[in-house]
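> got a predicted structure plus its sequence, pasted below:
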Amino acid sequence: MQHRTFTILASLLVLLTLLLSACAPAAIPAAEAPAAGEAAATEAVAEAPAAEAAASDEVIEIEYWQYSFDARIEAMNQLIAQFEAENPNIKVIHNSDIPYDDFRNKIAASVPAGVGPDVVSLFYGWQPAWIDAGYIVPLPEDAFPPDQIRAEFSPMVEGSFFDGKLYTLPTAVRTLALFYNKDLMTAAGLDPENPPRTLDELKDQAVKCTVKEGDEFKVYGFIVNPEGQAHHWFREVLLRQFGQQPYSDDATQVLWNASEGGYEAWETFLAFERELGTGVAGVYENDQDGFLAGEVCFHLDGSFRLGNIASAAPDLNFGVVELPEHNGVKSTFGSYWTHGITTKAAADPARMAAATKFLQFITTPEAGKLWVGIVGELPAQLAAANDPALLADPKLGAFAAGLPYAQSTFFVDESKDRQAILDAYDAVVLTDADPRAELDIAVTTVQEMLDEFWSSRP
């Protein structure tokens, strides 16, 4: 119906143009509200070329949303400026003023109402929930051929496929590594050129770096903070290093406590605060604050932190090394923020065409190279990520080295998964609850979430 209406209108407008000897472009008819996000996306893609041609002299305005993070804001501003220079008929409004903690609530309030972003940034672990909520639509296959995406992007990007369809695509990916403060290591009598390479070395050096006056910490050797990146370290690194796969291959079963190795990994996770006394979880408002202030010797974080350090602590004397191995096992957590097209864009052919073109632009190898230089994340495109200069970089090289063995977790809801680990950690550390029992409770919590998710699938 919409296509027929559009055709009739276009024909009448052409006739009117001839009669009036005018050359004004035809207006774009308003799209009907979609019955479902996927159907709207398919219809919008079919209509997009005609709408784009009809509006060739008009400026299409689209919105891109991401949460507030200075380095990402700078990188995206540069990409938007480049894109608009090449596409003067598309204007991109960049909304980056939303705090991280409010971001998902803003999306939940705006997208269903048909307002807000046309292209949106989201953590890959949120994707299943956002698909079920109808926030994002499948990417058009003609613009993003699945086989080509799999061939040209990091294997981690497989997480952007769901039910056989590609829903999102990232500019960059990231892994975890161990940051270390060279000055604090020197003050502790350690060699800053020989940071921890094994878990046992991390324990030993973290203890030596820790400085206390009575009960007051002057230097934290190593803080295990489940609210930061440490929950990934437990799930995808420690468990595997103690011989326990975290989930079943089909992602339907939580296996954290399926063996003694799982409990040993959990005890190690708890040991830095409970037994070794190298830090206190949550002592800083933000996980990275202590390291940026020069008060934490060893710190778990992602490659994205490099951009933050460059702007917030440019004089920090630090290095980066791959995550310490254990039992001969190397592992790291691989993740990414990705970009999706919303149902708002899919409801209008011209906006869909503009959103598609913008998403294509910000996921090129050139965009990935720009991103790594400003944000510190690794390019998602293999052509850019395999750059020898990147692999040899004294800071980024450790993250790039982890790409071949990085593990990406399938999340139904990353925040609830993290909360289960945090609650178990707090129960043990703050109330002296039984560690094994608390791990069992966390497993039950996450298993119920998985069961509910998979039972609702067709």
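The structure has been received and is ready for your questions.
> C-alpha only now, for contacts and for neighbours.
OK.
> can you tell me the element the closest residue to Asn286 other than its chain neighbours falls in?
Counting by CA to CA, 6 or more residues apart in numbering, Gly228 is the residue found nearest to Asn286 once chain neighbours are left out, at 7.9 Å. Using DSSP states H and E, Gly228 sits in no helix or strand.
> how close does Gly228 get to Trp126?
17 Å (CA to CA, to the nearest Å).
> state the phi and psi torsions of the residue most central in space within the chain.
With distances taken as CA atoms, centre = their mean, Trp337 lies nearest the centre of the chain, 2.6 Å away. Note on Trp337: backbone dihedrals following degrees, to the nearest 10 are phi -90, psi 140.
> could you number the chain from 43 rather than 1 from now on?
Let's use 43 as the start, then, which means that last one is Trp379.
> about what we covered before: I'd like to know how many residues surround the residue nearest to Asn328.
Here the number of neighbours of Gly270 (other CA atoms under 10 Å) works out to 19.
> ok, now the one 5 residues further on?
Counted with other CA under 10 Å, the burial measure for Trp275 works out to 23 neighbours.
> look at it and give its secondary structure.
helix (DSSP: H, G, I helix; E, B strand; the rest coil).
> so it versus Ser353, what's the distance?
Distance, Trp275 to Ser353, using CA to CA: 26 Å.
> quick one, helices of the stretch 393-500 of the chain?
Taking DSSP state H, counting those that start in this stretch as the test, the helices found in the stretch 393-500 of the chain are 407-416, 424-427, 430-433, 438-444, 456-473, 477-497.
> between the ones you listed, which one is closest to Pro188.
In terms of CA to CA, the element of the helices of the stretch 393-500 of the chain nearest to Pro188 is helix 424-427, at 15.2 Å.
> which residues does stretch 223-243 contact?
With contact meaning CA atoms under 8 Å, 6 or more residues apart in numbering, stretch 223-243 is reached by 222, 244, 247, 250-251, 333, 336, 338-340, 358-361, 363-368.
> which residue ranges of the stretch 43-192 of the chain form strands?
For the stretch 43-192 of the chain, strands defined by DSSP state E, counting those that start in this stretch occupy the ranges 102-109, 132-140, 161-165, 178-179.
> among those, show me which one is buried the most.
Among the strands of the stretch 43-192 of the chain, strand 178-179 has the highest mean neighbour count (mean count of other CA atoms under 10 Å), at a mean of 27.
> just checking: what are the partner strands of it?
strand 379-384 (antiparallel) (DSSP bridges).
> what comes up buried for stretch 146-164?
146, 149, 153, 156, 158-164 (16 or more other CA atoms under 10 Å).
> farthest pair in these?
Between all members of the buried residues of stretch 146-164, the farthest pair (by CA to CA) comes out as Gly156 and Leu164, at 18.0 Å.
> looking at the buried residues of stretch 146-164, which is nearest Met198?
Checking the buried residues of stretch 146-164 against Met198 by CA to CA gives Leu164 as the nearest, at 15.1 Å.
> I figured that closest one hits Ser377, correct?
No. If you go by CA atoms under 8 Å, Leu164 and Ser377 don't touch, sitting 11.4 Å apart.
> hang on, the earlier thing: would CSV of the strands of the stretch 43-192 of the chain with mean pLDDT and distance to Trp496 be doable?
Shown next, in CSV, are these (pLDDT from 0 to 100; distance: least, CA to CA, whole Å):
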stretch, mean pLDDT, distance to Trp496
strand 102-109, 97, 29
strand 132-140, 96, 32
strand 161-165, 96, 20
strand 178-179, 97, 19
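> tabulate those strands (a markdown table), appending distance to Ala387.
Shown next, in a markdown table, are these (distance: least, CA to CA, whole Å):
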| stretch | distance to Ala387 |
| --- | --- |
| strand 102-109 | 8 |
| strand 132-140 | 13 |
| strand 161-165 | 8 |
| strand 178-179 | 9 |
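> of those, which approaches Leu280 most closely?
Closest among those, once you apply CA to CA, is strand 161-165, at 22.6 Å.
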